[in-house]
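S.K.: Got a predicted structure plus its sequence, pasted below:
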Amino acid sequence: MKYLLTGVAAIAMLTACSKKDKPPGEEAPAGIVFSQEKIPDYKIQKGDPATAAQALAAMSLDTSGAGLVSWDNKNLSGDKVVFTNVTLVSAGDDEEDEDGMSFDADDDSFDLDGADLKAKKLEFEGLAMKDGQATFSRMLMSDIALVPTDPEEADQGSGKIGSIELVNPSPETAAWVASLFGTGPEQDMPEGAALSFDHWAINDINFSIDENEGDQGTFTLDTVEVTGLKDQKAALMRVGKLDFDMVDGEDGNRIKMKLGGIEMHGIDLKMLSEATDEAENPGNMSDMMKLGAQDPANPGYESLLVDNLSMDIAGVKLDLPKLTSNVGRNKANTVVAVKTDPFKMTLSTGEGELGDELAGPLAMMGFQTVELTGAGYQTYEPSTDLTTYVKGQNFWEVKDGFRMDLGMQFAGAKAIAAAEQDYGMSASPTAALDSALEKLVLHNFEINLKDDGLVDRAFNAYATTNGQDPKTARNQVAGMLAMAPMMAGGSGIDMDLVNEASAALSSFISDPKTLTIKLAPKEPVSMAALADLEDPSQVTKETLGFTASNK
């Protein structure tokens, strides 16, 4: 019985850091407000003209070539300076990787990997010395080109950037940037709350690669910007229009990507960082689970917009016109909901190695293009630790295939996250699932699977692969399901439950309509108690509120 419930526990674990709704069949709770804070305005802070020259000296920018930067002209006026025709050389190569590409042993040092950076203009405003360190309020580098130091590589590509801007950095951030221009002791990039600024942006990125018998392609991006980064939270993160088109020099596969833009408001960089670390080191979930235990409804952002994303990876094509997601808050300004608006995504194939591999399986299922739509709405009640997937607003649908709707309510998201934190790096999948079962309390569950050609397509594909008549294959599976009550006889399992489940599944295979499975217990059911039951007869259709049908 225990292992039959691990799937439910896995769902709970995956949603433990998500949001909550009302029980299936009920409306979403009132009082939830979906809105986003205004992006803060900022002004360039004043510096200290009296110490501006000293600040430049500390940054190795008092004399051309004193550090890593040289220039043709320099104009210092008050707390502002303008350099023209600037060259910033790489800090040098310490090691080589397996492909012969250079990199610096210290990840935080400046190394352009065999290229110098040339800019028509480099400007600083708000120069000053504070607490013995050089600081500034604004850095703007414009008309930038990356120039290979090896003349033989000069005709194998180019890299240009319209501008790089940093406004009102923290003293730690300013000191780190300043260290990149000199030859003095290297400084680590600041972390946590020390890394802050009002605005950072890179604009008009244009790279091309034309290697002899190697990679070829182009990459353009109009902007990447972060605004209002403070205390590990950013008011705005935005990626503008992107166009990527590259051919791999080894296998000849082509990767194309276009993006209208990505925009995120109110992003929690600490949560994002922990999620990234957990993805890279899946055995260490303690930090991520700690955050989930503190605020299980918070996805780490206030709103998310993905606009016009299309990819073609060696012939596998994916198109996502628009995806929007927003969090909702209660009167106490606590995140209690997340809503993903209905979206549509299409999958198709074209010319390419991976496209050729995928075209066959899709054709066997009778598809040339797979059109997927979906939506989500979950709410969370902090006082009861209750999560709800709102019925009718959480679905996946494949055109000419199926529609699956999910409604569910369970308690324990916060407790699950807190328990998982205790396992850390030593957590095994089994231990993690056991922990989830101990904390998960199911209030109700409903899943609806509406057939729109999926069953026919699946059996046609199976029969074609195995040289069998589709009708015969379908009858065999339906017959096996119909025999389930006979096979379960003597096991102690409630036969009313088995009979109803068997009849619904067999009917769905024979004459697919909408398969509905419900659990609506009179009292919430502890998954741990259910898993540890030694007598299966105690699990009855009545105690679980179980119903199954194909109508």
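M.R.: Cool, the structure landed.
S.K.: Show me what counts as buried in stretch 442-454.
M.R.: 442-446, 448-454 (16 or more other C-beta atoms under 10 Å). Yep, even glycine has a C-beta here, placed from its N, CA and C like the rest.
S.K.: In CSV: those, plus secondary structure.
M.R.: Below are those laid out as CSV (DSSP: H, G, I helix; E, B strand; the rest coil):
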residue, secondary structure
442, strand
443, strand
444, strand
445, strand
446, strand
448, strand
449, strand
450, strand
451, strand
452, coil
453, coil
454, helix
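S.K.: partner residues bridging residue 238?
M.R.: In this structure, residue 238 bridges to residue 225, residue 263 when assessed by DSSP bridges.
S.K.: and residue 166, what does it touch?
M.R.: Counting by C-beta atoms under 8 Å, 6 or more residues apart in numbering, residue 166 touches 138-139, 173, 177, 197, 199-200.
S.K.: let's go with 6 Å and repeat that
M.R.: 139, 200 (C-beta atoms under 6 Å, 6 or more residues apart in numbering).
S.K.: Could you give the backbone dihedrals for it?
M.R.: Dihedral angles of residue 166 (phi, psi; degrees, to the nearest 10) stand at phi -140, psi 130.
S.K.: cool, residue 214 as well?
M.R.: Torsion angles, degrees, to the nearest 10, at residue 214: phi -140, psi -150.
S.K.: Repeat that for the one 3 residues further on.
M.R.: Backbone torsions of residue 217, given as degrees, to the nearest 10, read phi 160, psi -170.
S.K.: That one contacts residue 249, correct?
M.R.: No. Residue 217 is beyond contact range of residue 249, at 9.9 Å (criterion: C-beta atoms under 6 Å).
S.K.: follow-up on the earlier one: turn the buried residues of stretch 442-454 into a markdown table, including pLDDT and distance to residue 150.
M.R.: As requested, the buried residues of stretch 442-454 are arranged in a markdown table below (pLDDT from 0 to 100; distance: C-beta to C-beta, whole Å):
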| residue | pLDDT | distance to residue 150 |
| --- | --- | --- |
| 442 | 91 | 64 |
| 443 | 93 | 66 |
| 444 | 94 | 67 |
| 445 | 94 | 63 |
| 446 | 96 | 64 |
| 448 | 96 | 63 |
| 449 | 96 | 60 |
| 450 | 97 | 61 |
| 451 | 96 | 62 |
| 452 | 96 | 59 |
| 453 | 94 | 58 |
| 454 | 93 | 57 |
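S.K.: one step back: so which of residue 217 and residue 249 has more stuff around it?
M.R.: residue 217 (19 against 14; other C-beta atoms under 10 Å).
S.K.: So the closest residue to the more buried one other than its chain neighbours, which state does it fall into?
M.R.: In this structure, residue 217 finds its nearest non-sequential neighbour in residue 246, 3.3 Å apart by C-beta to C-beta, 6 or more residues apart in numbering. Look at residue 246: counting by three-state DSSP, its state is strand.
S.K.: Specify which member of the buried residues of stretch 442-454 is nearest to residue 487.
M.R.: Nearest to residue 487 among the buried residues of stretch 442-454 is residue 449, at 23.3 Å by C-beta to C-beta.
S.K.: Pretty sure that closest one sits against residue 404.
M.R.: Yes. Using C-beta under 6 Å, residue 449 is in contact with residue 404, at 5.2 Å.
S.K.: Residue 502 - that's part of a helix, no?
M.R.: Yes. Counting by three-state DSSP, residue 502 falls inside a helix.
S.K.: doesn't residue 487 make contact with it?
M.R.: No. Using C-beta under 6 Å, residue 502 makes no contact with residue 487, being 9.4 Å away.
S.K.: Please identify which of those two sits among more neighbours.
M.R.: Between residue 502 and residue 487, counting by other C-beta under 10 Å, residue 502 is the more crowded of the two (21 against 11).
S.K.: List the residues that contact the more buried one.
M.R.: By C-beta under 6 Å, 6+ apart, the contact list for residue 502 reads 481, 484-485.
S.K.: now with 7 Å?
M.R.: Taking C-beta atoms under 7 Å, 6 or more residues apart in numbering, we find residue 502 in contact with 481-482, 484-485.
S.K.: Which two among these are spaced furthest apart?
M.R.: Largest pairwise distance in the contacts of residue 502, by C-beta to C-beta, is 9.8 Å, between 481 and 485.
S.K.: which intervals of the chain have sub-threshold pLDDT?
M.R.: Where the chain drops to pLDDT under 70, the residues are 1-30, 91-114, 151-155, 272-295, 418-437, 489-490.
S.K.: Which residue ranges of this protein form helices?
M.R.: In the chain, the helices defined using DSSP state H lie at 6-14, 49-58, 171-179, 269-280, 286-294, 353-364, 413-421, 429-439, 454-466, 470-482, 484-488, 495-510, 527-531, 541-544.
S.K.: Distance to residue 383 added to those helices, as a markdown table?
M.R.: Listed next are these as a markdown table, based on distance: least, C-beta to C-beta, whole Å:
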| stretch | distance to residue 383 |
| --- | --- |
| helix 6-14 | 19 |
| helix 49-58 | 53 |
| helix 171-179 | 40 |
| helix 269-280 | 23 |
| helix 286-294 | 16 |
| helix 353-364 | 48 |
| helix 413-421 | 11 |
| helix 429-439 | 17 |
| helix 454-466 | 41 |
| helix 470-482 | 43 |
| helix 484-488 | 41 |
| helix 495-510 | 34 |
| helix 527-531 | 21 |
| helix 541-544 | 26 |
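S.K.: And those: which comes nearest residue 38?
M.R.: Nearest to residue 38 among the helices of the chain is helix 269-280; the distance by C-beta to C-beta comes to 19.4 Å.
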